[in-house]
Structure formats: C-alpha cells, structure tokens
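the following comprises the amino acid sequence and a computationally predicted model.
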Amino acid sequence: MAKNIMIQGTMSNAGKSLLCAGLCRIFRQDGYRVAPFKSQNMALNSFITQTGGEMGRAQVVQAEAAGIVPDTRMNPILLKPTTDVGSQVIVGGQVQGNMQAMEYYRRKQEYIPAVIEAYNSLAAEYDIIVIEGAGSPAEINLKQKDIVNMGFAGMVDAPVLLVGDIDRGGVFAQLYGTISLLEQEERARIKGTVVNKFRGDRAILEPGLKTLEELCGIPVVGVVPYTHVDIDDEDSLTERFDKSTERKLIDIAVIRLPRISNFTDFSPFERYGNVSLRYVDSVGDLQQPDMIILPGTKSTIADLKWLRQCGLEAAVYKAADSGTLVFGVCGGYQMLGRSVSDPEQVEAAGITQILGMGLLDMDTIFLGEKVQTQITGIFAGINGMLSELNGKSYCGYEIHMGRSEETMPALVGKGNVYGSYIHGIFDAPGISDTILKAICSRKGINFDALETFDIGEYKNRQYDLLADAVRSGLNMEFIYRVLNREV
C-alpha cells in the first residue's frame, strides 16, 4: 500500500490545495508514482472524467501536477451547494440527490465505505498519496462525525502537516489555537506546522517560529513563500474575483453570477499579454467590453432573476445590439434562450418557469437525470462572427440537468450571440485564438499584438514553478522522514 501524508489547514483558503499540488509535482519529479486524495470536497468548480464521473477541480489540478489522469477515486464525495443550507451530493462521481445540510450531516457516515474503498484502490496503485483536508480540523461542532480531517486521518493512519496562512495575519494564533482545540491523539498526528504565503525576510519570523515550536511541541517544517503561479483555483474564494484588472487591447467581461460555477473555463483568455479578463457584478463595472461571457451556474433560474434585477440583463441586451460578442456557457447558455422550465423543481428555486433573455432560439427544461460526459468533435454549421471555428476540433465536458434541444450542437449561435453546454470549450488548440481574431478583426487590431503563447507548455511550467517554491520552503528531508514513519 502507498505511503501517505495529509495536509490540513487552519482555515479555508490557507493554501492546502496548491500545497498538495506542489507536493504531488515534487514527488513526481523525485521518481514516485503519486496521486492526490480528498475524501469530501465542497465546490461548484467541477470536472467530468473520461468515465463520466464528476469530481472537484482541485483534485484535477493535483492530478495534472502528478502527471496522471483525473479519477473520481481522488474525490469520492463532492458537495455542490444549491442554496445556503443545501447541496447536491455526488458520491463516486454520481449524483445521489439534493440534501439539506443537516440531512447530509446525519447521513454522511453512510458514505465512509465508499470513501475507504476509493482510497484503498488508489493506494494499491501508487507509491504516495497526498491527502488534502477541508476547512479546519478544529471545527469543534463538526468533529464528531468528521470524515475529511482528523477523522479520515485516523481511518488511514495518515501523518499530518498543519498549514497556516500568514498573508491574512495572525498565523501564530491560527496554528496554536487550532492545535489547542484538538484532542491529544489528534495532536499526536501533527508532525509539523507550515507557515504559508510568506512575503519578506524569514529572519524576522524566526523568534515567533521558535516560540511556536516551544508552545506546541511540534516543529515548524517550512515557510513557503507567497507564490505567483497561474494555476486554476478551487472555488469562488479565488483572488481573480477580487483583483481589479485594467482594460487592455481586448477586454473580456465575465458576469460574476451569485452561484457561478466552473469559472476556470475562461482561463485560456488570461494567458494573452494584451487581453484583460474581468469578473463583474454591476452595470457600472461592465463598461464596454469586446466580449461578454455568461458563465455556468448551479442555479440558472435564481441567477437569471438576479441578472434581471440588478440591470445587467438590460446592459447585455444593449451590448448585443451594438455587435459585442456575447457567449453563454452551460447555465449562461440556458439564460440566453426563450425560456427555462423546472417542473420537477430540480433547482429548488420555487419557480416552475421563467422567461429567458430571448437572444437564442431555444427553450430549456430541467429533468431529474444529470448529463455527465466528456465530449470531443469538430465544429460545423456555425454562422456569423465565429464562423471561422468551422472545421476546428473541440473538447471538454458537459455537466447539466437542463435539456435545450433534442440534438444539442456543440455551439449554437447567430450573428454575435453564441452558447454551448461544453465546459472547457476554449481549451483546445486554436479555439481561443480564433475567437480573439474575430474580435480583433471587428476592432481593426492585429492579432499578433495580443502576445499569445503555447498554453500546454505554459501550464506545465507553472506546475514546475509551484514545485520549486514549495521545495524551497519545506524541509523535504523531514517530509520524507514523515512519509517513512521515522518521525
């Protein structure tokens, strides 16, 4: 069976996911077969595997860093929030239904056999398993039935590194307080602490690190620098939503819907030197972009109502009338049609039908069975602004409850308004180039001025840069001793 190591954090967004990805890359560089694992993930940013199973994007990123194909065994439970108190529950890649938080809390131990089976199956195939926790292990109201932090560490006898985020401040209190709230046997699992996202001179930290070690009786095994790498983030806590992006030669605005999902669909556009990709949630921020994207959402009806109420629907109409390229993906595509119906209350929005934006000639109805599939093909029959996509290969995956046409083309559109159910539709070679060339032609700009580059090579380089930063910050000799149970 594989050796294992678990990364837990003092809070959400402490950097667990990227640290796990960095370790996966390091172990791969060092010659080991390594796989990521997270027993339970809560995220709207998901992925469909080659076998049609759904899993969280964080473990997809970690699998890519490890140089292996993503597999639902790496994330056996995925919770996709539908409301503030409920989620769609996915086990082993397949939907089990929608549950209120309390119902899932009561039932989640029923899923332990599936979690252990997934873990053991991976452990039989790989040398090392890098396990990610969720949130904080010191959520004392949830510890009794925990299956993702110390509860799971106990199930698979995993040593733990506890990570704190110094960028938010209070890292010593984070680490000491978390350890203090743990039971004695849980504390014994923590083999080292890690200060993450550090900027500055480490020498200034040393007195605090020494005191922390004395207070906790646990060594500090790393100070990982704040790392500027372009790697997909796990969920809506991502910094890309908060940063103010200046408008460049080509300006793309993504509508930041309240329940936005799979925002990593648009990452290819971030990798051009003179293209700005902005996430906007008000008419004032929209301005006059060259392309407007309506992204996926876990609740099409509720987010369409929000779009209407905040005035962004009217702004999109105005932009479409002026010739601006408008593109909807999945839920955003459904919004562009004539109507959206939910007779079985699949979305639990309390509405059975709502008028769509009417920019595309199709109607959507939600059904109980979820579409989950990877898809490849060649674009054909596309008219209007993006007609140059005809003949080009596409790939991606579909995750949706709605059906909009009997036979769904990869891309539906007319004039300058388009929609697709395919997540990752911009990823295949040449797709984003072709779309940007169409925009450049409309604006009279030379495409070469956008400073494009090889996305695959660029992405691989980002994983190596992450590994370099993590390796420089961690005491890797100590980490290997932890793996070998010498600590």
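Okay, I see it.

residue 176 - that's part of a helix, no?
Yes. Assessed by DSSP: H, G, I helix; E, B strand; the rest coil, residue 176 belongs to a helix.

and it, how many neighbours?
Residue 176 is flanked by 18 other residues according to other CB atoms under 10 Å. For every residue, glycine as well, the C-beta is placed using N, CA and C.

just residue 422 next, same as before
Residues contacting residue 422 under the criterion other CB under 10 Å number 25.

so what's it up against?
For residue 422, the contacting residues are 329, 375, 394, 396-398, 410-411, by CB atoms under 8 Å, 6 or more residues apart in numbering.

ok, residue 341 - contacts?
Counted by CB under 8 Å, 6+ apart, residue 341 has contacts 352-353, 363-366.

which single one of those is nearest to residue 319?
For the contacts of residue 341, the residue nearest residue 319 by CB to CB is residue 364; the value is 22.2 Å.

can you mark which positions in stretch 80-93 are buried?
Of all the residues in stretch 80-93, those buried under the rule 16 or more other CB atoms under 10 Å are 80-83, 86-93.

inside strands: which ones of those residues?
Mapping these onto strands (DSSP state E) picks out 80-83, 86-91.

dump stretch 335-346 to PDB, restricted to CA.
C-alpha atoms of stretch 335-346 as PDB (Å, rounded to 0.1, in the frame of the first residue of the first chain):
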ATOM      1  CA  MET A 335     -30.300  32.100 -19.900                       C
ATOM      2  CA  LEU A 336     -29.800  33.200 -23.500                       C
ATOM      3  CA  GLY A 337     -32.800  31.200 -24.700                       C
ATOM      4  CA  ARG A 338     -36.500  31.900 -24.800                       C
ATOM      5  CA  SER A 339     -37.500  30.200 -21.600                       C
ATOM      6  CA  VAL A 340     -36.300  28.000 -18.700                       C
ATOM      7  CA  SER A 341     -38.700  25.500 -17.100                       C
ATOM      8  CA  ASP A 342     -38.200  23.400 -14.000                       C
ATOM      9  CA  PRO A 343     -41.500  21.500 -13.400                       C
ATOM     10  CA  GLU A 344     -39.800  18.900 -11.100                       C
ATOM     11  CA  GLN A 345     -38.100  21.600  -9.000                       C
ATOM     12  CA  VAL A 346     -34.700  20.200  -9.800                       C
END
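
list the buried residues in it.
335-337, 340-342, 346.

with just CA atoms, put the helix or strand harbouring residue 206 into PDB.
If you go by DSSP states H and E, residue 206 is part of helix 202-216. What follows is helix 202-216, C-alpha atoms only, in PDB (Å, rounded to 0.1, in the frame of the first residue of the first chain):
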ATOM      1  CA  ARG A 202      12.400  34.900   7.100                       C
ATOM      2  CA  ALA A 203      14.900  36.000   9.800                       C
ATOM      3  CA  ILE A 204      12.200  38.300  11.100                       C
ATOM      4  CA  LEU A 205       9.900  35.300  11.600                       C
ATOM      5  CA  GLU A 206      12.500  33.200  13.500                       C
ATOM      6  CA  PRO A 207      11.700  34.300  17.100                       C
ATOM      7  CA  GLY A 208       8.000  33.600  16.500                       C
ATOM      8  CA  LEU A 209       8.700  30.200  14.900                       C
ATOM      9  CA  LYS A 210      10.900  29.200  17.900                       C
ATOM     10  CA  THR A 211       8.200  30.300  20.400                       C
ATOM     11  CA  LEU A 212       5.500  28.400  18.400                       C
ATOM     12  CA  GLU A 213       7.600  25.200  18.500                       C
ATOM     13  CA  GLU A 214       8.000  25.600  22.300                       C
ATOM     14  CA  LEU A 215       4.300  26.200  22.900                       C
ATOM     15  CA  CYS A 216       3.100  23.400  20.600                       C
END
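
ok, and what's touching it?
172, 175-176, 179, 193, 195, 198, 219-220, 223.

out of those, which comes closest to residue 465?
Checking the contacts of helix 202-216 against residue 465 with CB to CB, the nearest one is residue 198 at 16.5 Å.

next, give me the two most distant ones among the buried residues of stretch 335-346.
Most distant of the buried residues of stretch 335-346, by CB to CB, are 336 and 346, 19.4 Å apart.

was I right to think residue 293 contacts residue 328?
Yes. With contact defined as CB atoms under 8 Å, residue 293 reaches residue 328; the gap is 7.5 Å.

and those two? which has more neighbours close in?
residue 328 (28 against 22).

separation between the more buried one and residue 362?
Note on residue 328: its distance to residue 362, by CB to CB, to the nearest Å, is 11 Å.

one more: residue 283?
Distance from residue 283 to residue 362, by CB to CB: 26 Å.

same thing with residue 292?
With CB to CB as the criterion, residue 292 and residue 362 are 19 Å apart.

okay, those two: which has more neighbours?
Neighbour count, other CB under 10 Å: between residue 292 and residue 362, residue 292 has more, with 23 against 17.

surely the more buried one is within a helix?
No. Residue 292: not assigned to a helix; according to three-state DSSP it is strand.

that one pairs with what?
Note on residue 292: beta-bridge partners residue 253, residue 326, judged by DSSP bridges.

ok, now residue 340?
Residues in beta-bridge contact with residue 340 (DSSP bridges): residue 354, residue 364.

give the contact list for the residue nearest to residue 345 when sequence neighbours are not counted.
Spatial nearest neighbour of residue 345, chain neighbours left out: residue 352 (7.5 Å); criterion: CB to CB, 6 or more residues apart in numbering. Going by CB under 8 Å, 6+ apart, residue 352 touches 341-343, 345.

can you tell me which of the residues you listed is nearest residue 458?
Nearest member of the contacts of residue 352 to residue 458, counting by CB to CB, is residue 342, at 40.3 Å.

what pLDDT does the model give the nearest residue to that closest one once chain neighbours are set aside?
The shortest distance from residue 342 to any non-neighbouring residue, by CB to CB, 6+ apart, is to residue 366 (4.3 Å). Per-residue confidence (pLDDT) for residue 366: 90.

which SS state does residue 366 fall under?
strand.

tell me which residues touch it, please.
340-344, 346-347, 401-403.

restricted to strands, list these.
340-341, 401-403.

any chance of those residues in CSV, with pLDDT and distance to residue 36 too?
Formatted as CSV, these follow (pLDDT from 0 to 100; distance: CB to CB, whole Å):
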residue, pLDDT, distance to residue 36
340, 94, 36
341, 93, 39
401, 85, 28
402, 82, 31
403, 84, 33
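
I'd like the residues you listed as JSON lines, with distance to residue 186 appended.
Formatted as JSON lines, the ones in strands among the contacts of residue 366 follow (distance: CB to CB, whole Å):
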{"residue": "340", "distance to residue 186": "47"}
{"residue": "341", "distance to residue 186": "49"}
{"residue": "401", "distance to residue 186": "39"}
{"residue": "402", "distance to residue 186": "44"}
{"residue": "403", "distance to residue 186": "47"}
